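Student: A structural model of the following input is requested.
(one chain, ligands or ions: 2)
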Amino acid sequence: EADSAIETLARRVQETLSLGRRHRFWETQPVGQFKDLGDPSLPEGPIEPPMLLSDVRPEPYNLPAQYEWTTCDVDDEQTCGEVYNLLTSNYVEDDENMFRFNYSKEFLRWALRPPGYFKAWHIGVRVKTSKKLVAFITGVPARIRVGDDIVGMAEINFLCVHKKLRSKRLAPVMIKEVTRRVHLENIWQAAYTAGVVLPTPVTTCRYWHRSLNPKKLIDVGFSRLGARMTMSRTIRLYKLPESIVTPGFRKMELRDVPAVTRLLRQYLSQFVVAPDFDENDVEHWLLPLENVVDSYLVENPETHEVTDFCSFYTLPSSILSNQNYTVLKAAYSYYNVSTKTPLLQLMNDALIVAKQMDYDVFNALDVMHNESFLKELKFGPGDGQLHYYLYNYRIRNALKPSELGLVLL
Ligand SMILES: CCCCCCCCCCCCCC(=O)SCCNC(=O)CCNC(=O)[C@H](O)C(C)(C)COP(=O)(O)OP(=O)(O)OC[C@H]1O[C@@H](n2cnc3c(N)ncnc32)[C@H](O)[C@@H]1OP(=O)(O)O
Ligand SMILES: CNCCCN(C)c1ncc(F)c(N2CC(C(=O)NCc3cnc4ccccn34)C2)n1
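Tutor: Numbers count the residues shown, from 1 in each chain. Ligands and ions are numbered 1, 2, ... in the order given. Okay, the predicted model is just below:
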C-alpha cells in the first residue's frame, strides 16, 4: 500500500498544481467559477437573484454534534477576550510560520462595529461541554460601489478555525452560516480578501513593505540584508527626517469629517470598486483611534481648505520564535488622497510619523495610486499576495489593482 499512498500523493500534487483542483464547496457557491473564465456571454452583476426572506433557511446549519453556535458580543470584555485569544493563537500566519497576525481587542471592536452593524454576524463555534471558543467568522455591512452600481454588501473577515480542528470541512459550514444570517437581513452580496486562491479573484494585489526599523526586521527574519550591503549602510538607506515636511499636515479631528468625506468620495469615484462612504462611515473608519487607526490631513494654512489626506491602521504580528523580540509593529496603508501635496511627499510624511511612533514596518498594497510612490519611497515587494473576491456578483474582466479602491482589514 506504500506505492498507492505515493500514487495518491502524486495525484494530489498534480491536481493542486493545476488550477483544475477541485473546490467541492466553492463549486456550489454563486461566485465566478474558473471554468467560466473568459465566457463573454455571462452578464456582469448578481449571479443569483435575491430570495424571498421567507425562503431563507430559518434555522442555523448543522455542526458536528459536540459543537454549538454562539454569537460573540465584542462589547463584552470576556467574550472579546475569547475572540482575541482564538485569533492570537490560530489566525493567519506567513508561509514559513514565523509570524501570526495579532489583531488587538480595541482593533476588533472597531473593525466589527461600524454604523449599522449586526451582532448576529459575529459568529462563533463553541465546544458544548467546555464552552471553549474554537471557530469564528464575521460580517459587517458596507455599501460598495461596483462600476455605477451601489451594492449593499457584507464584508466577511476573521474566518478562523482552531489549529486542532483544521481540515474537517468546518470552514464551509461557517461560511454558509454567515451567508444565511446576511440573507436574513436582505443582503445578497459580499466582499472578502484572502491570501489563498479561490474561485475567482476579481483582482490580485501584492504587498509592499517599507522598512522603518531595518535592524529589527533583519534580526527577526522579516527582511534579509541586501547583497553587498552592511547593516550600517542598510540603516542609513532607510533613515527618515526627524519631522514631517508639509506645512498644514496635522491629525484629523471630528470637525474635519465633512471635508474628509467630500475629499474621499471625490477621490474614490475614479475606481471601479470602492466603498460608498458617507459622513457616518468616515467618522467611524477614519477618525483617529489610538493603537488602531491614524489619519492625517493637510489644511492650507491660508485658505484652511483641506486638500490632502492619508491614513494607516495598526496590525501587529506575533513573532513566533525569536530570542530578542515577540511583536512586529506594523502599519498598513489605508486610504490616501492627494489633490495639492504630491502623493510622494504626503506618503513620506506618513512614513516619518510612523517612524516617530516606533513602527517597525509600513505595509502597502499596490491598489489605487500606491504604485506611484512605492519604489521611490524604498518599499520592497513582499511575498504576500492578497486576492480580492466578490460573492454573488460577476465582473466580466478581472481588475488591475490600480482600479481597486477598497482596503479591507
Ligand atoms: C451574501 C453573503 C455571503 C457571505 C459569505 C461570503 C464568502 C466568505 C468566504 C470567507 C472569507 C474569509 C476571509 C478571511 O477571513 S481570510 C483569512 C482566513 N483565515 C486564516 O487563514 C486563518 C488560519 N486558517 C484557518 O483558520 C483555517 O485554515 C480556515 C478557517 C481558513 C480554513 O479551515 P480549514 O483549513 O480547516 O479547511 P476546511 O477543511 O474547514 O475547509 C476547506 C474549504 O475551505 C476553503 N477555504 C480555505 N481557506 C479559505 C479562506 N480563507 N476563505 C474562504 N474559503 C477558504 C477551501 O478552499 C476548501 O473549500 P474547497 O476548496 O474544497 O471548495
Ligand atoms: C482577510 N484580511 C486580509 C488582510 C490581512 N492581511 C493584512 C494580510 N493578508 C494576507 C497577507 F499575505 C498579508 N501580508 C502582509 C504581508 C506581510 O507582512 N507578510 C509577512 C507577515 C508578517 N506578519 C504576518 C502575518 C501573517 C501573514 C504574513 N505576515 C503579507 N496581510
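
Student: quick check: the gap between Pro43 and Phe271.
Tutor: Distance, Pro43 to Phe271, by Cβ to Cβ, to the nearest Å: 22 Å. C-beta here means a position set from N, CA and C on the backbone, and glycine is covered the same way.

Student: Three-state assignment for whichever residue of the chain sits closest to ligand 2, please.
Tutor: Using Cβ to the nearest ligand atom, Gly384 is the residue of the chain that sits closest to ligand 2, at 2.3 Å. Taken by DSSP: H, G, I helix; E, B strand; the rest coil, the conformation at Gly384 corresponds to strand.

Student: and the nearest residue to it once chain neighbours are set aside, bridged to which residues?
Tutor: The shortest distance from Gly384 to any non-neighbouring residue, by Cβ to Cβ, 6 or more residues apart in numbering, is to Tyr207 (4.3 Å). Tyr207 forms beta bridges with Leu365, as assigned by DSSP bridges.

Student: which stretches of the stretch 1-150 of the chain form strands?
Tutor: 67-71, 99-101, 122-127, 133-146, 149-161 (DSSP state E, counting those that start in this stretch).

Student: show me what the second one is packed against.
Tutor: Contacting strand 99-101 under the criterion 3 or more Cβ pairs under 8 Å, 6 or more residues apart in numbering; DSSP states H and E are the following elements: helix 77-90, strand 317-319.

Student: what angle do the helix or strand Thr261 falls within and strand 133-146 make?
Tutor: Thr261 belongs to helix 257-268 when assigned by DSSP states H and E. Calculated by axes from the mean of the first three to the mean of the last three Cα atoms, to 10 degrees, helix 257-268 forms an angle of 70 degrees with strand 133-146.

Student: residues contacting the residue of the chain closest to ligand 2?
Tutor: Contacts for Gly384 (Cβ atoms under 8 Å, 6 or more residues apart in numbering) come out as Asp94, Gly195, Arg206, Tyr207.

Student: could I get the residues you listed as CSV with pLDDT?
Tutor: Output for the contacts of Gly384, formatted as CSV (pLDDT from 0 to 100):
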residue, pLDDT
Asp94, 96
Gly195, 96
Arg206, 98
Tyr207, 97
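
Student: top of the residues you listed by number of neighbours, please.
Tutor: Tyr207 (19 neighbours; other Cβ atoms under 10 Å).

Student: for burial, what's the neighbour tally of Arg57?
Tutor: Other residues near Arg57 come to 13 when the count uses other Cβ under 10 Å.

Student: rewinding a little: need the contacts of Gly384 in CSV (columns: distance to ligand 1).
Tutor: CSV is the format used below for the contacts of Gly384 (distance: Cβ to the nearest ligand atom, whole Å):
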residue, distance to ligand 1
Asp94, 11
Gly195, 7
Arg206, 17
Tyr207, 14
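
Student: kindly report the residues of the stretch 51-200 of the chain close to ligand 2.
Tutor: Residues of the stretch 51-200 of the chain found near ligand 2 (Cβ under 6 Å from any ligand atom) are Val92, Glu93, Asp94, Phe99, Arg100, Phe101, Asn157, Thr193, Gly195.

Student: between these, which sits nearest Val407?
Tutor: Nearest to Val407, judged by Cβ to Cβ, of those is Thr193 at 9.2 Å.

Student: wait, the closest one sits on Leu390?
Tutor: No. Applying Cβ atoms under 8 Å as the test, Thr193 and Leu390 come out as separate, 10.7 Å apart.

Student: these two - which one has more neighbours?
Tutor: Leu390 (23 against 19).

Student: for the closest residue to His183 other than its chain neighbours, grab the count of nearby residues.
Tutor: Nearest non-adjacent residue to His183, counting by Cβ to Cβ, 6+ apart: Val56, 4.5 Å away. Neighbourhood size, Val56 [other Cβ under 10 Å]: 16.

Student: report the contact partners of Val56.
Tutor: Arg180, His183, Leu184.

Student: okay, now the unreliable bits of this structure?
Tutor: 1-2, 8-20 (pLDDT under 70).

Student: what backbone torsions are found at the closest residue to Leu399 other than its chain neighbours?
Tutor: The spatial neighbour of Leu399 that comes closest, neighbours along the chain excluded (Cβ to Cβ, 6+ apart), is Thr203 at 4.2 Å. Main-chain torsions, Thr203, degrees, to the nearest 10: phi -160, psi 160.

Student: distance from the chain centre to stretch 72-81, please.
Tutor: 21 Å (Cα atoms, centre = their mean, to the nearest Å).

Student: kindly check the end-to-end length of it for me.
Tutor: One end of stretch 72-81 sits 10 Å from the other (Cα to Cα, to the nearest Å).

Student: buried residues in it, which are they?
Tutor: Cys72, Val74, Thr79, Cys80 (16 or more other Cβ atoms under 10 Å).

Student: just the C-alphas of stretch 35-53, formatted as PDB.
Tutor: C-alpha atoms of stretch 35-53 as PDB (Å, rounded to 0.1, in the frame of the first residue of the first chain):
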ATOM      1  CA  LYS A  35     -14.500  27.200 -15.900                       C
ATOM      2  CA  ASP A  36     -16.400  30.400 -16.700                       C
ATOM      3  CA  LEU A  37     -13.300  32.500 -17.100                       C
ATOM      4  CA  GLY A  38     -13.400  34.500 -20.300                       C
ATOM      5  CA  ASP A  39     -17.000  33.500 -21.200                       C
ATOM      6  CA  PRO A  40     -18.200  36.800 -22.600                       C
ATOM      7  CA  SER A  41     -21.900  35.700 -22.700                       C
ATOM      8  CA  LEU A  42     -22.200  35.800 -18.900                       C
ATOM      9  CA  PRO A  43     -23.700  39.100 -17.700                       C
ATOM     10  CA  GLU A  44     -22.000  41.300 -15.100                       C
ATOM     11  CA  GLY A  45     -23.800  41.800 -11.800                       C
ATOM     12  CA  PRO A  46     -25.600  39.400  -9.400                       C
ATOM     13  CA  ILE A  47     -25.200  35.700 -10.200                       C
ATOM     14  CA  GLU A  48     -28.300  34.600  -8.300                       C
ATOM     15  CA  PRO A  49     -31.400  36.800  -7.700                       C
ATOM     16  CA  PRO A  50     -32.400  37.700  -4.100                       C
ATOM     17  CA  MET A  51     -34.500  35.100  -2.400                       C
ATOM     18  CA  LEU A  52     -37.800  35.800  -0.500                       C
ATOM     19  CA  LEU A  53     -36.900  36.200   3.100                       C
END
